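S.K.: The following block contains a protein sequence and its predicted model.
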Amino acid sequence: MGTGLIFIGVVILLGFFVLMFVIGGYNALVTLRNRYKNAYSQIDVQLKRRYDLIPNLVETAKGYLQHERGTLEALILARNAAVTANTRAAQNPGDASAMKEISSAESALSGVISHLFALAEAYPNLKANTTMMSLMEELTSTENKVSFARQAYNDAVMTYNTRREVFPTNLIATTFNFGPAELFVIEKAEQKEAPKVAF
């Protein structure tokens, strides 16, 4: 009878440790998921700031860029597409399709903004306009903040994904449906091309 009680005690003790392990692993995954969601909310703040600056930029440039209406319209369309994609991504950061959509929309928007900045260089009056200079500087500053926030988000996603993939936490992640999170990568054409050197 004493051996049976010891065996039952050992089983209960092992069950308790397994339960504590499962609870600890689950809580760690929830914490890491919330961390990357919070990191995306920081991106969201900066992107909204960026989206709010673009209409002012277009209004300021409109008078100077009479012959460049297509660029201004493309900028507004790219902005609207990015706003829609960001709204979807903010609802479920880490969702693969939402993150691919926002990455694509942001790449397109960055390309149009770069084109507008290049056009501004060709119009000395526009380039000298203090409002335009201020807006361009503010937009550049916001772009830098988006980059830093995106890096923090990607770091949080990497930590979460690593934790959910390692053994034995992967068993808990699978059991409780902790899916992988997607990184937020904005591909820029100029970063893919090798620099051209001419002698």
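M.R.: Noted; the coordinates are in hand.

S.K.: Show me the shaky parts of the protein.
M.R.: The chain contains residues with pLDDT under 70 at 1, 188-199.

S.K.: Buried residues, stretch 155-170. List them.
M.R.: Ala156, Val157, Tyr160, Asn161, Arg163, Arg164, Thr169 (16 or more other Cβ atoms under 10 Å). Placement of C-beta: from N, CA and C, glycine included.

S.K.: Oh, that last question was meant for stretch 141-151, not what I typed.
M.R.: Buried residues in stretch 141-151, counted by 16+ other Cβ under 10 Å: Thr142, Lys145, Val146, Ala149, Arg150.

S.K.: Name the helix or strand for the last one, please.
M.R.: Mapping Arg150 onto the secondary structure by DSSP states H and E places it in helix 130-165.

S.K.: distance between that helix and the chain's centre?
M.R.: Here helix 130-165 is found 7 Å from its chain centre; the criterion is Cα atoms, centre = their mean, to the nearest Å.

S.K.: sorry, back to before: tabulate the buried residues of stretch 141-151 (JSON lines), appending distance to Thr87.
M.R.: Shown next, in JSON lines, are those (distance: Cβ to Cβ, whole Å):
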{"residue": "Thr142", "distance to Thr87": "18"}
{"residue": "Lys145", "distance to Thr87": "19"}
{"residue": "Val146", "distance to Thr87": "16"}
{"residue": "Ala149", "distance to Thr87": "17"}
{"residue": "Arg150", "distance to Thr87": "17"}
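
S.K.: Tell me the one of these nearest Val58?
M.R.: Proximity to Val58 was ranked across these by Cβ to Cβ; first place goes to Thr142, at 15.7 Å.

S.K.: quick one: the closest one and Lys48 touch, right?
M.R.: No: using Cβ atoms under 8 Å, Thr142 is not in contact with Lys48; the gap is 9.8 Å.

S.K.: Quick one: residues in contact with stretch 106-121.
M.R.: Stretch 106-121 is contacted from outside by 47, 54, 57, 61, 65, 68, 71-72, 74-75, 78-79, 81-82, 85, 126-127, 132, 136, 139, 143, 186-189, using Cβ atoms under 8 Å, 6 or more residues apart in numbering.

S.K.: What is the longest helix of the chain by residue count?
M.R.: helix 2-62 (DSSP state H).

S.K.: C-terminal to it, what's the next element?
M.R.: Counting by DSSP H and E, what follows helix 2-62 is helix 69-91.
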